[in-house]
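Asks: coords please:
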Amino acid sequence: MDQLALLFVMLLGAVLSVPLGDRLGLPSPVLMTLLGIVLAVLDFVPNVDIPPELILPALLPPLLYAAVRRTSWRQFTANKRPIFLLAVALVFVTTAVVAVVAHAIVPGLPIAAAVALGALVAPPDPVAATAVAGKLGLPRRLVSILEGEGLFNDVTAIVLYHVAIAAAVSGTFSLPGAALDFLLSAVVAVAMGFGLGWGTNRLMDYLGDPTLQIGLTLLVPYASYVLAEELHGSGVLAVLTTALFLAEYANDADDVMTRLAGHTFWDIVDTLVTGVAFGLIGLELHNAIRTASGRWEEMLGWAAAIVGVVVFVRLAYLLPATWLTKRLHAKRDHDEDIPTSWRETVVMWWAGMRGVASVALALAIPLETDSGAPFPNRDEMVFIAFGVIMATLVVQGLSLPWLVRRLGVRADTDREQEFEKALALRAAKAAKRRLREIEEVEELPEELSEQLLRRAFDIGFRISPDMGEDERREGHEHRVRRIKRVRRIQGEMLSAARHEVLAARSEAGADPEVVDRVLRHLDVRSLR
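Replies: Got it, this is the predicted structure:
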């Protein structure tokens with residue numbers, strides 16, 4: 001099996017892991033990691049030959065962009081305190097504790113290299129968190145916090161990692177210089193992200209065509225990441241800023257086709273890239289086995305110790321941090337998402353899985369220092385990082401669904417339904433308001449006006465059938481049954497038309513381009 005065949009196997013596994021995970025009640029990223037482990041132990045499967053410096057730029061931008069599309073700037077601003085406590089403060093704490101323990105137990109490990117190890121295992125993976133949490137029916141406030149933590153902690157961890165690696169390679173370290181680099185990296189990234197988001201928004205209007213607009217959205221995350229890195233900024237923060245800007249300002253309410261096609265396209269990209277990313281984690285078992293050859297007991301002991309530190313520090317930090325956030329929340333009445341019970345805090349703790357970013361940072365550790373000497377304890381650092389990733393991703397990922405069921409943590413469906421009902425009512429009122437504005441400037445027959453008024457009510461009713469009085473509800477249900485019957489017959493008529501047009505494609509003299517254009521017209525008509 002060569003590299004290209006291995007890639008196709010991974011892509012096929014990414015597609016199949018979604019329905020298989022749904023049937024087994026397991027997260028698809030965990031299944032893909034297990035597939036990678038299985039492939040790694042097969043003799044005919046080659047080692048993955050991807051330059052380490054390309055893993056983060058290739059995989060992280062589309063995954064982050066897809067994740068940000070599911071959230072909003074308002075959600076981040078409302079939850080800035082919980083996100084700061086988890087994405088910034090917890091990363092610093094985890095990095096510091098791991099560095100102290102690793103420096104103490106691994107012989108010859110310099111403190112700078114130990115800090116780099118702590119930084120690369122500190123951030124829970126944003127893709128794993130959103131993919132796993134989104135499938136478990138957790139309360140939306142928990143998913144929001146996990147998404148915010150996952151998206152922003154990479155920024156902190158990657159900057160810390162680069163500072164520590166630079167100190168280990170050069171043998172010198174300056175705290176003021178490191179702090180200045182940290183600040184400049186953030187400023188450059190935010191400026192680049194906003195600038196590219198603004199330019200992309202203007203370019204979207206110029207392109208007009210949905211196909212070109214969606215194609216541009218695939219290029220934008222990579223451009224944001226690469227340009228920020230070239231300017232010595234944080235590529236991850238730049239992608240987040242660009243994606244948040246576009247999610248907030250690049251939506252045209254009437255651009256239905258672009259929105260529908262864009263959601264479908266990014267769902268496909270998210271599924272495939274996520275599958276490949278976590279499959280690569282499992283495939284790294286090759287290198288871990290080779291590194292530990294002849295030293296299994298010693299290296300497994302080190303990895304187990306760091307796994308224990310990472311897991312324990314998260315719990316020990318979350319308990320007081322959650323208590324403090326609750327106190328501040330109650331005192332200042334902030335509109336933010338916080339865990340409301342110890343059960344939700346435990347779920348947040350156990351959902352802290354490591355993944356793609358940790359693998360990429362571990363593989364990107366330089367081979368040599370500036371003096372030409374081998375990078376100190378590089379093999380041990382990679383093995384320990386791999387042990388943390390596998391233990392948290394596989395063990396916690398497989399057991400998290402059981403833990404959620406055991407603790408009885410569930411989404412507040414009543415609150416979601418009430419919000420949905422309120423939105424449906426707002427939509428219906430907006431439609432009625434627009435109808436009245438039209439009636440003021442246009443002469444509408446009374447029968448047509450009444451029909452349009454019913455349709456305005458139906459707009460909200462189809463979103464939330466619970467809205468409205470019983471009499472209106474019964475009348476609407478009667479109209480729905482009639483409309484469904486008409487739509488069924490129309491659907492069969494359009495199906496017959498599509499079959500006839502497709503049959504013409506194979507006839508002599510038929511122009512396939514014309515056939516496809518007519519078929520697209522029928523498809524759009526069916527969609528409407």
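Asks: what residues sit buried inside the one helix or strand residue 21 maps to?
Replies: Secondary structure assignment for residue 21, by DSSP states H and E: helix 3-24. Along helix 3-24, these residues count as buried under the neighbour rule (16 or more other C-beta atoms under 10 Å): 6, 10, 11, 13, 14, 17, 18, 21. The way it works is simple: take the backbone N, C-alpha and C, and place the C-beta from them, glycine included.
Asks: next one: stretch 83-90
Replies: Neighbour-count burial for stretch 83-90 [16+ other C-beta under 10 Å]: 83, 85, 86, 87, 88, 90.
Asks: off-centre distance for that stretch?
Replies: Here the centre of stretch 83-90 is set off from its chain's centre by 18 Å, with C-alpha atoms, centre = their mean, to the nearest Å.
Asks: measure that stretch end to end?
Replies: With C-alpha to C-alpha, to the nearest Å as the measure, the ends of stretch 83-90 fall 10 Å from one another.
Asks: pLDDT on that stretch, on average?
Replies: For stretch 83-90, the per-residue pLDDT values average out at 76.
Asks: repeat for stretch 504-518
Replies: Mean per-residue pLDDT for stretch 504-518: 78.
Asks: what's that stretch in contact with?
Replies: By C-beta atoms under 8 Å, 6 or more residues apart in numbering, the surrounding residues in contact with stretch 504-518 are 501, 502.
Asks: CA atoms only: put it into PDB for me.
Replies: Listed in PDB are the C-alpha atoms of stretch 504-518, where the atom choice follows Å, rounded to 0.1, in the frame of the first residue of the first chain:
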ATOM      1  CA  ALA A 504     -32.700  12.300 -23.500                       C
ATOM      2  CA  ARG A 505     -29.000  12.500 -22.400                       C
ATOM      3  CA  SER A 506     -28.200   9.200 -24.100                       C
ATOM      4  CA  GLU A 507     -30.100  10.000 -27.300                       C
ATOM      5  CA  ALA A 508     -28.200  10.700 -30.500                       C
ATOM      6  CA  GLY A 509     -27.600  14.300 -31.100                       C
ATOM      7  CA  ALA A 510     -28.500  15.400 -27.500                       C
ATOM      8  CA  ASP A 511     -26.400  18.200 -26.100                       C
ATOM      9  CA  PRO A 512     -25.400  17.100 -22.500                       C
ATOM     10  CA  GLU A 513     -24.900  20.700 -21.500                       C
ATOM     11  CA  VAL A 514     -28.400  21.700 -22.400                       C
ATOM     12  CA  VAL A 515     -29.800  18.500 -20.800                       C
ATOM     13  CA  ASP A 516     -27.900  19.400 -17.500                       C
ATOM     14  CA  ARG A 517     -29.200  23.000 -17.700                       C
ATOM     15  CA  VAL A 518     -32.800  21.800 -18.000                       C
END
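Asks: follow-up on the earlier one: just put the buried residues of helix 3-24 in TSV and tack on pLDDT.
Replies: Compiled in TSV, the buried residues of helix 3-24 are given as follows (pLDDT from 0 to 100):
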residue	pLDDT
6	84
10	87
11	89
13	89
14	88
17	87
18	84
21	81
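Asks: from the buried residues of stretch 83-90, which ones fall inside helices?
Replies: Secondary-structure check on these using DSSP state H: residues within helices are 83, 90.
Asks: nearest to residue 264, of the buried residues of stretch 83-90?
Replies: Distance from residue 264 was checked for each of these by C-beta to C-beta. The minimum falls on residue 83, at 29.3 Å.
Asks: OK, contacts around the closest one?
Replies: Residues in contact with residue 83, defined by C-beta under 8 Å, 6+ apart, are 76, 145, 148, 149, 152.
Asks: what of residue 214?
Replies: The neighbourhood of residue 214, defined by C-beta under 8 Å, 6+ apart, consists of 258, 261, 262, 265.
Asks: which among those residues count as buried?
Replies: A residue is treated as buried here by neighbour count (16+ other C-beta under 10 Å); on that basis the buried members of those are 258, 262, 265.
Asks: which strand or helix spans the spatially most central residue of the chain?
Replies: When the chain is reduced to its mean C-alpha position, the closest residue under C-alpha atoms, centre = their mean turns out to be residue 67, at 2.9 Å. Applying DSSP H and E as the criterion places residue 67 in helix 52-68.
Asks: pLDDT on that helix, on average?
Replies: Confidence for helix 52-68, expressed as mean pLDDT, is 79.
Asks: and the helices in the stretch 301-450 of the chain, which stretches?
Replies: Secondary structure of the stretch 301-450 of the chain (DSSP state H, counting those that start in this stretch): helices at 342-350, 356-363, 378-390, 397-407, 413-441, 446-463.
Asks: worst mean pLDDT among those helices?
Replies: When those are compared by mean pLDDT, helix 446-463 comes last with a mean of 72.
Asks: next helix or strand past it?
Replies: Helices and strands here follow DSSP H and E; after helix 446-463, the next one along the chain is helix 470-504.
Asks: can you give me the buried ones in that following helix?
Replies: Of the residues in helix 470-504, those buried under the neighbour-count criterion (16+ other C-beta under 10 Å) are 476, 497, 498, 501, 504.
Asks: tell me how the chain divides into domains.
Replies: Per automatic domain parsing, the domain ranges recorded for the chain read 3-185+264-362+375-411, 471-528.
Asks: pick the most deeply packed of the ones you listed.
Replies: For these, the stretch with the most neighbours on average is domain 3-185+264-362+375-411, a mean of 19; neighbours defined as mean count of other C-beta atoms under 10 Å.
Asks: what's stretch 197-208 in contact with?
Replies: 213, 216, 217, 220, 241, 242, 243, 244, 245, 246, 249, 250.
Asks: check the offset of whichever strand or helix holds the first one from the chain's centre.
Replies: Spelled out, that is residue 213. Secondary structure assignment for residue 213, by DSSP H and E: helix 210-230. The chain centroid and the centroid of helix 210-230 are separated by 17 Å under C-alpha atoms, centre = their mean.
Asks: C-terminal to it, what's the next element?
Replies: Toward the C-terminal end, the helix or strand that comes next after helix 210-230 (DSSP H and E) is helix 235-249.
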